[in-house]
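>>> the following block contains a protein sequence and its predicted model.
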Amino acid sequence: MQIPYLDHFTLLDEPYSTSPNPRYLYISPTHNLALEKIKWTIAARRGLAICFGAVGTGKTTIARELAARLEDDPSVSYVSITNPNFPTANQLLRAIIQEYEVGQTSKNYLELLSIFKNFLAERAITQKKTLVLLIDEAQTLKPPLLEMLRQLMNYESNDQKFLQVVLFAQEEFRARLQHPRYRNLVNRTAMSSSIETLSLSETEAMLKHRWWVASNGNKNSFPFTDDAIEQIFTYSKGIPRTQIIIADNALLAAFLLQERSINADLIHQVVKDRGSPDTQPEPEPQTIKRNVRKEESKK
Ligand SMILES: Nc1ncnc2c1ncn2[C@@H]1O[C@H](COP(=O)(O)OP(=O)(O)OP(=O)(O)O)[C@@H](O)[C@H]1O
Ligand SMILES: [Mg+2]
């Protein structure tokens, strides 16, 4: 079914859909800093990078943008786990090994670790590959799974870690990591970054950028007045997902009123009608993505 307001605003696509599509990513200073820090940690093969952020600030979008950039780099093999809530470390390890298409396996957990270690060493040293493991929703990792990841990061030569791990996690994870049980993991963190909420001017830039993408570059049709953007910023407390939900609702409301322009009153009305948007996303099915290259998997 066609989105009702597309023709009304001469749009090709939905500008304010909540799916974390990197095509719509506005590289704000905070998103840029997080991406650059992670890229540096991977390039320098320093082991572990953690990206924290409140709910709905753009972690998954950044993870996808990073994956797209790694995809373009032939020296990198990455695996991306978007829901790491496995019951046991054994299952997570098996999922990682399967996605890297390691070829060898064992029913014994310790043997499996050893197989993976040999695989990593061979790829990192002989083939000079950078192996990257991206894990989104890392706040759901149970303690034994975190311990297993710490173990994987112990595999190293004199000058490099064989596996580069990037965790994307909600802010609560930062507090969890304070527990003494995670001291060894925290000590291995080469870099951590925080995605901050957007400022008023960044909110405006983000909303305009998304409009520009969805309207194929037609900036003139942008419907939000300065006052409307200010209200979206205030109601959302700078959280992009909330801003997008309000903006999308406002487009529909304006269409129903046959208005082209969206002012502060309409934003008040939208928020009054629907209540403060719930920033929690829909739960995702357990999915894994990878870019282990075809020529490697044939070997
Ligand atoms: N810099 C940005 N530019 C454009 N859109 C953004 C930006 N940051 C976030 N968004 C949008 O906000 C919404 C939420 O982003 P995302 O799902 O990446 O957040 P999250 O931090 O992963 O949330 P959660 O904590 O619930 O996992 C998405 O629609 C995403 O496209
Ligand atoms: Mg997310």
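Thanks, I have it. Residues are numbered from 1 along each chain as shown. Ligands and ions are numbered 1, 2, ... in the order given.

>>> name the helix or strand for the residue in the chain positioned nearest to ligand 2, please.
Using C-beta to the ion, the closest approach of the chain to ligand 2 is made by Thr60 at 3.2 Å. Where you see a C-beta, it was placed from the backbone N, CA and C, and this is true even at glycine. With elements taken from DSSP states H and E, the one containing Thr60 is helix 59-71.

>>> strands paired with the helix or strand just after that helix, and their directions?
The helix or strand immediately downstream of helix 59-71 is strand 76-81, counting by DSSP H and E. With DSSP bridges as the test, strand 76-81 is paired with strand 130-135 (parallel), strand 288-290 (antiparallel).

>>> and the residue of the protein nearest ligand 1?
As assessed by C-beta to the nearest ligand atom, ligand 1 sits closest to Gly58 within the chain, at 2.8 Å.

>>> quick one: contacts for that residue?
Shown in contact with Gly58 (C-beta atoms under 8 Å, 6 or more residues apart in numbering): 20, 25, 31, 195, 240.

>>> just put the residues you listed in CSV and tack on distance to ligand 1 and neighbour count.
Shown next, in CSV, are the contacts of Gly58 (distance: C-beta to the nearest ligand atom, whole Å; neighbours: other C-beta atoms under 10 Å):
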residue, distance to ligand 1, neighbour count
Pro20, 4, 22
Leu25, 5, 21
His31, 5, 26
Ile195, 7, 23
Pro240, 3, 27
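
>>> what about the helices in the protein?
Along the chain, counting by DSSP state H, helices occupy 29-43, 59-71, 89-99, 109-121, 143-152, 172-176, 183-187, 200-214, 226-236, 240-256, 264-274, 294-298.

>>> any idea which of these has the lowest pLDDT on average?
Mean pLDDT per stretch puts helix 294-298 lowest among the helices of the chain, at a mean of 41.

>>> neighbours around the residue of the chain closest to ligand 2, how many?
For Thr60, the tally of surrounding residues (other C-beta atoms under 10 Å) stands at 20.

>>> same thing with Asp7?
Residues within reach of Asp7, counting by other C-beta under 10 Å, total 10.

>>> who touches it in this structure?
By C-beta under 8 Å, 6+ apart, no residues touch Asp7.

>>> residue numbering should commence at 41 henceforth.
With 41 as the first residue, the last one maps to Asp47.

>>> could you tell me the least trusted of the strands paired with strand 116-121?
Looking at the strands paired with strand 116-121, the bottom one is strand 328-330 with a mean of 52.
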